[in-house]
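**Q** pasting the sequence and the predicted coordinates here, then a few questions.
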Amino acid sequence: MYRKVSFRISNGMDTAVRVLTTLRRKNFSIGEFMMTDLDGDSRLILSVSDLSSPGFEKAVLCVKKLVDVSDVMEV
């Protein structure tokens, strides 16, 4: 089962790539991602597998620690 997490990023594609590579490096299973443009920022929505070894909650914690990432919430 995949669960979705949404967060605001401030450097557009640079931060999106950093988030995705961090999660892939830590062996999280990402199903899909969508990025939308906001007022000067972007909103990134990821589907992360809840059944994989690290788990969804650990993925959210990893994303919260990154620079330029804020407003993290489950969708």
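**A** Nice, thanks for sending it over.

**Q** quick check: phi and psi at the residue nearest to the spatial centre of the chain.
**A** Geometric centre of the chain, nearest residue: residue 46, 5.1 Å, by Cα atoms, centre = their mean. The phi and psi values for residue 46, taken as degrees, to the nearest 10, are phi -120, psi 140.

**Q** my read is that it contacts residue 35, right?
**A** No: under the criterion of Cβ atoms under 8 Å, residue 46 makes no contact with residue 35, lying 9.7 Å away. Yep, even glycine has a C-beta here, placed from its N, CA and C like the rest.

**Q** where does this structure dip in pLDDT?
**A** Scanning the chain for pLDDT under 70 picks out the ranges 52-53.

**Q** quick one, helices of it?
**A** 13-25, 56-64 (DSSP state H).

**Q** tell me which residues of the shortest one come out buried.
**A** Neighbour-count burial for helix 56-64, counted by 16 or more other Cβ atoms under 10 Å, picks out 56, 59, 60, 62, 63.
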